[in-house]
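**Q** got a sequence here, can you model it:
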Amino acid sequence: MLIAMTGATGYTGSRLIRALVARGDAVSALARPGASRPAVSGAVRWVEGDLVSGRGLDDLVRGAQGVLHVAAVYRTAGHPDSYYREVNVGGTERLLEAASRAGVGRFVHTSTVGVHGDVKNPPADETSPLAPGDIYQQTKAEAETLALAFHRQRGLPVAVVRPGAIYGPGETRLLKLFRAIARKRYAIVGSGRAFYHPVFIDDLVHGFLLALDRPQAVGEAFIVAGPRYVSQRELADAVARHTGGRVWPFRIPAWPLQLAGAACEAVCVPFGIEPPLHRRRVEFWVKSRAFSIEKARRLLGYAPRVDLDEGLARTVAAYREAGWL
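**A** Predicted coordinates:
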């Protein structure tokens, strides 16, 4: 097949391109001018454009059998809320329209488990209420609602993937956590009982391909996460085992960090500067993310193969090989 992709220059997108090429698909990939592009050997055609202006989108999807929409503005605090909405919602709408005009046979939209907010009665599943807690989660919830409504009203075959917390070799979102624990400079923030639901990159890629291929995916949203969720304390202790590091025996209250994050945002965001600390980062420690993957197992045949210990071992080995730890 020919698969059109957004977000191909990012971590998850670059792994998806390699998986598609490895199974014999051709890829049409969107990239902003000047963006660094992953080195991929195979049938990959790069299209310059962007989601905000819509430039290049018709060229991107021309002749494609499927679309993998991965691009988004992620959790940075240096952007105004309007920019999140313009990219995450407006960009999705523009891509849906282009895919519809091209007669694409499957549109896989990337959402996030964050649309469920703080999970009070774990585990949450796809029927749990959407309760986004920040502008990133709000715009992702709006975008997936838009995509599924587009399917119902316009007939475009849409599937939604809500990934868990992505980790694996080369992923840097958790690198500061690994480094702090490896250097024995890490304390638990808050109670340590909030849940975290990781998904190893290889399992996530497999989930995306199932959503792209399986007819049962159309019109549905799927939580794609790892075999189990863990508490913040369990996660920190597991990272310590694999890095040879240590977690300090005391805990730090969350509220001073939340106040500091709010102050940093108030000073930095008006100037377009990424704050050194912001409230969404503190939420990593205090809001629970715990989910059931039963729907993806049942309808898609999704079966995560990499448990946390194996995933952490592979991630730590890659960090060390890269000189990051």
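
**Q** drop to CA atoms for contacts and neighbour counts, all remaining ones
**A** Will do.

**Q** could you pull out the strands for this structure?
**A** 2-6, 26-31, 44-48, 66-69, 106-110, 158-163, 165-167, 186-189, 195-196, 198-200, 221-224, 230-231, 247-252 (DSSP state E).

**Q** of all those, which one is nearest Ala296?
**A** For the strands of the chain, distance to Ala296 was read as C-alpha to C-alpha. The smallest value, 5.7 Å, belongs to strand 221-224.

**Q** before we move on, the earlier item: now the strands of the chain as CSV including mean neighbour count and distance to Lys287?
**A** Output for the strands of the chain, formatted as CSV (neighbours: other C-alpha atoms under 10 Å; distance: least, C-alpha to C-alpha, whole Å):
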stretch, mean neighbour count, distance to Lys287
strand 2-6, 26, 29
strand 26-31, 25, 33
strand 44-48, 18, 38
strand 66-69, 25, 27
strand 106-110, 25, 21
strand 158-163, 26, 17
strand 165-167, 22, 13
strand 186-189, 20, 11
strand 195-196, 24, 7
strand 198-200, 25, 14
strand 221-224, 27, 18
strand 230-231, 19, 11
strand 247-252, 13, 15
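
**Q** the helices in this structure, which residues?
**A** Here the chain has its helices, by DSSP state H, at 11-22, 57-61, 81-84, 91-102, 135-154, 175-182, 201-213, 232-243, 254-268, 279-286, 294-295, 308-321.

**Q** could these be laid out in a markdown table, adding mean pLDDT?
**A** Output for the helices of the chain, formatted as a markdown table (pLDDT from 0 to 100):
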| stretch | mean pLDDT |
| --- | --- |
| helix 11-22 | 95 |
| helix 57-61 | 97 |
| helix 81-84 | 90 |
| helix 91-102 | 98 |
| helix 135-154 | 96 |
| helix 175-182 | 95 |
| helix 201-213 | 98 |
| helix 232-243 | 96 |
| helix 254-268 | 75 |
| helix 279-286 | 74 |
| helix 294-295 | 98 |
| helix 308-321 | 98 |
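
**Q** and of the ones you listed, who's closest to Thr127?
**A** So among the helices of the chain, helix 294-295 is nearest, using C-alpha to C-alpha, at 10.1 Å.

**Q** can you list the helices of the chain in JSON lines and add distance to Ala124 and mean neighbour count?
**A** Shown next, in JSON lines, are the helices of the chain (distance: least, C-alpha to C-alpha, whole Å; neighbours: other C-alpha atoms under 10 Å):
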{"stretch": "helix 11-22", "distance to Ala124": "24", "mean neighbour count": "20"}
{"stretch": "helix 57-61", "distance to Ala124": "34", "mean neighbour count": "23"}
{"stretch": "helix 81-84", "distance to Ala124": "25", "mean neighbour count": "15"}
{"stretch": "helix 91-102", "distance to Ala124": "25", "mean neighbour count": "21"}
{"stretch": "helix 135-154", "distance to Ala124": "15", "mean neighbour count": "20"}
{"stretch": "helix 175-182", "distance to Ala124": "25", "mean neighbour count": "19"}
{"stretch": "helix 201-213", "distance to Ala124": "18", "mean neighbour count": "22"}
{"stretch": "helix 232-243", "distance to Ala124": "17", "mean neighbour count": "19"}
{"stretch": "helix 254-268", "distance to Ala124": "24", "mean neighbour count": "16"}
{"stretch": "helix 279-286", "distance to Ala124": "17", "mean neighbour count": "19"}
{"stretch": "helix 294-295", "distance to Ala124": "11", "mean neighbour count": "17"}
{"stretch": "helix 308-321", "distance to Ala124": "20", "mean neighbour count": "18"}
